[in-house]
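1. 3D model of this:
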Amino acid sequence: MIKQIKSLLYFPIAYYFRFFAKIQLSIWKPTIILVTGSSGKTTLLHLIESQLQDKARYSHLANSSFGIPFDILGLKRKSLTPDEWLYLFLFAPFKAFKRPYKEKLYVVEADCDRPFEGKFLASLLQPNITLWTNVSRTHTVNFDYLVKNQDFKTVEQAIAHEFGYFLENTSDLAILNADDDLIKKESQRSKAKIKYISQKDLSDYKILKDHTEFKININDYSINLLLPKETSYSIQMTLALLDFLKIRPDFSFSKFTLPPGRCGLFKGIKNTIIIDSSYNATPDGVKSILGMFDQYPSDKKWLVLGDMIELGNEEKEEHERLGEFVSSMRLEKVILIGPRLLKYAYPRLTHGHPELVSGSRSSRIEMPKQVRHDTVQIIKFLMPKDALDYLMNNLKGGEVVLFKGARFLEGIIEHLLADKNDIKKLCRREKVWEKRRKQWGL
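-> Model prediction:
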């Protein structure tokens, strides 16, 4: 009931803040560069920031119908607790007429978590330039009814149509993924000049222990972070944007950083290496990170995988696909956490061994079931606290452990860091998340 009420009130309340954000935009009048897509948006925004630096303002940690108006108005949510809303409602009218930001470029990340969000944000922002990375099954639980009502044949088409409102409202330039047929179809709605980017221009990709190398066309790029192969789209989009703005690029991307929870590299206990990609888990995003990890140079790779959420009718299919993908990887151990992975991915991982699929599904699994599938040890838990206990007791030293997915994996990582000062570098540090992790025993 509470969830339904929140859903009904989402846009009516968002319109309140949008009204005042529109006033502030009319005073500020920046050139708006919009970054969107189902995955890879944040990486693209930070690649652009590494080049433009203080020439632009950036919508960090704000990509929704609430977050973007808050960012325009200069309103901040710190604790994410309900009592903050009184302050936000009271100060929004005053912030509408504040002194505008000094930057004349506004690089804003925009998502489409639900139907109407693309239209809502596109009409507010009216971007000059749009960069669109991809379309995939994200937040599909909110779009399933459009397929059921026969508004669209597939949920991907429904999602792409919502993103398409950004193109419809773009005035100058759209930089698009040429390898995505849904994006190409939606590009017909745009009156702006279109620049296409393709993976075909990527001729080499290498993951090393602490950095990534790309060869795009004839140029080499060495970036001091662990990045999936798909980042080549974002590199090319960034360079295309700079060319349009007539700004000389820093081809080394020396100032590029990423927010917490996106392939952060940490020293763990017992001389282990932790790769923290715990911030989110969309199907394509998970696959790209796992593809990266598969090429990581180590013989002792452990994967800690949490559920993918908000997938609705596509939940079963996507977790089964994930199980099949993981089964093809070169890993020493796979640790599954969550009911969706246990129900759908685990049978695919143990395909050909039906005797290993049976077993009870209690609310808390104290002792893991372990199986050998070729050379991979597969271990499953329902709750993250049990997985933490297992890791604390079974890490021997020298392992490289990737964390990806939901179920508060950042709460597990906290306890595995060699330097506890690194805890502040993890995602979800707000009080509301601390409280929830404690409720889960983390």
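2. Pull the residues that contact stretch 192-207.
-> Here stretch 192-207 makes contact (C-beta atoms under 8 Å, 6 or more residues apart in numbering) with 129-130, 167, 170-179, 187, 212-217, 226, 229-230, 232-233, 236-237, 240, 244, 292, 295-297. Where you see a C-beta, it was placed from the backbone N, CA and C, and this is true even at glycine.
3. Show the average pLDDT along it.
-> Across stretch 192-207, the average pLDDT comes to 97.
4. how about it: buried residues?
-> Residues Ala192, Ile194, Lys195, Ile197, Asp201, Leu202, Tyr205, Ile207 are the ones in stretch 192-207 that count as buried (16 or more other C-beta atoms under 10 Å).
5. what do you get for stretch 99-109?
-> Pro100, Glu103, Leu105, Tyr106, Val107, Val108, Glu109.
6. Among those residues, name the ones in strands.
-> The strands, defined by DSSP state E, take in Leu105, Tyr106, Val107, Val108, Glu109 from the buried residues of stretch 99-109.
7. before we move on, back to that, show me the buried residues of stretch 192-207 that map onto strands.
-> Among these, DSSP E puts Ile194, Lys195, Ile197, Leu202, Tyr205, Ile207 in strands.
8. which one of the residues you listed is nearest Asp113?
-> Closest approach between these and Asp113, by C-beta to C-beta: Ile197, at 24.5 Å.
9. Show me what the closest one is bridged to.
-> Asn177 (DSSP bridges).
10. From the ones in strands among the buried residues of stretch 192-207, pick the one nearest Asp307.
-> The closest of those to Asp307 turns out to be Ile207 (C-beta to C-beta; 25.5 Å).
11. three-state assignment of Phe89?
-> Three-state assignment for Phe89 (DSSP: H, G, I helix; E, B strand; the rest coil): helix.
12. and it, what is it in contact with?
-> Tyr16.
13. thinking again about what came up before, so can I have JSON lines of the ones in strands among the buried residues of stretch 99-109 showing pLDDT and distance to Phe325?
-> Below are those laid out as JSON lines (pLDDT from 0 to 100; distance: C-beta to C-beta, whole Å):
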{"residue": "Leu105", "pLDDT": "98", "distance to Phe325": "39"}
{"residue": "Tyr106", "pLDDT": "98", "distance to Phe325": "37"}
{"residue": "Val107", "pLDDT": "98", "distance to Phe325": "32"}
{"residue": "Val108", "pLDDT": "98", "distance to Phe325": "32"}
{"residue": "Glu109", "pLDDT": "98", "distance to Phe325": "27"}
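14. Nearest to Leu125 among the residues you listed?
-> Distance to Leu125, by C-beta to C-beta, is smallest for Val108 among these, at 6.4 Å.
15. if I look at the nearest residue to the closest one once chain neighbours are set aside, how far off is Leu173?
-> Once flanking residues are discounted, Val108 sits nearest to Ser59: 4.2 Å by C-beta to C-beta, 6 or more residues apart in numbering. Going from Ser59 to Leu173 by C-beta to C-beta, to the nearest Å gives 19 Å.
16. Same check on Asn280?
-> Distance of Asn280 to Leu173, given as C-beta to C-beta: 28 Å.
17. more neighbours, the two?
-> Per other C-beta atoms under 10 Å, whichever of Asn280 and Leu173 has more neighbours is Leu173, with 21 against 18.
18. And the buried residues of stretch 99-109, which two are furthest apart?
-> Pro100 and Glu109 (20.1 Å).
19. After the helix or strand bottoming out on mean pLDDT in the chain, which helix or strand is next? Please name it.
-> Sorting the helices and strands of the chain by mean pLDDT, DSSP states H and E puts strand 370-373 at the bottom, at a mean of 46. The helix or strand immediately downstream of strand 370-373 is strand 376-381, counting by DSSP states H and E.
20. any idea which helix or strand comes after that following strand?
-> helix 384-394.
21. now Asn63, what's its secondary structure?
-> Here Asn63 is recorded as coil under three-state DSSP.
22. Would you agree it is in contact with Val107?
-> No. Contact between Asn63 and Val107 fails when scored by C-beta atoms under 8 Å: they sit 11.5 Å apart.
23. Give me the buried entries from the contacts of stretch 192-207.
-> Using 16+ other C-beta under 10 Å, the buried members of the contacts of stretch 192-207 are 129-130, 167, 170-171, 173-178, 187, 212, 214, 216, 226, 229-230, 232-233, 236-237, 240, 244, 292, 296.
24. Mind checking which of these are in helices?
-> Judged by DSSP state H, those include Leu167, Ser232, Tyr233, Gln236, Met237, Ala240, Phe244, Met292 as members of helices.
25. Now tabulate these in a markdown table and tack on pLDDT and distance to Glu310.
-> As requested, these are arranged in a markdown table below (pLDDT from 0 to 100; distance: C-beta to C-beta, whole Å):
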| residue | pLDDT | distance to Glu310 |
| --- | --- | --- |
| Leu167 | 98 | 24 |
| Ser232 | 97 | 27 |
| Tyr233 | 98 | 24 |
| Gln236 | 98 | 29 |
| Met237 | 98 | 26 |
| Ala240 | 98 | 31 |
| Phe244 | 98 | 34 |
| Met292 | 97 | 23 |
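26. between these, which is nearest Lys404?
-> Lys404 has its nearest neighbour among these in Met292, at 10.3 Å by C-beta to C-beta.
27. For that closest one, give me its contacts.
-> Neighbours of Met292 in contact, by C-beta under 8 Å, 6+ apart: Ile207, Leu226, Leu227, Pro228, Lys229, Cys263.
28. let's see 7 Å
-> For Met292, the residues meeting the contact criterion (C-beta atoms under 7 Å, 6 or more residues apart in numbering) are Ile207, Leu226, Leu227, Pro228, Lys229.
29. what are the bridge partners for the closest residue to the last one other than its chain neighbours, then?
-> In space, not counting the residues next to it along the chain, Lys229 is nearest to Tyr205; the distance is 4.9 Å by C-beta to C-beta, 6+ apart. Beta-bridge pairing of Tyr205 under DSSP bridges involves Phe214.
30. same question, Ser222
-> Under the criterion used (DSSP bridges), Ser222 bridges to Glu213.
31. my guess is it contacts Glu213, does it?
-> Yes. Assessed by C-beta atoms under 7 Å, Ser222 is found in contact with Glu213 at 5.1 Å.
32. Now for these two: what residues contact both?
-> In contact with both Ser222 and Glu213: no residue, using C-beta under 7 Å, 6+ apart.
33. Could you report the distance from Asn217 to Ile235?
-> Taken as C-beta to C-beta, the span from Asn217 to Ile235 is 11 Å.
34. hey, where'd the helices end up in the stretch 51-200 of the chain?
-> Taking DSSP state H, counting those that start in this stretch as the criterion, the stretch 51-200 of the chain carries its helices at 67-73, 84-95, 117-125, 144-148, 155-168, 181-186.
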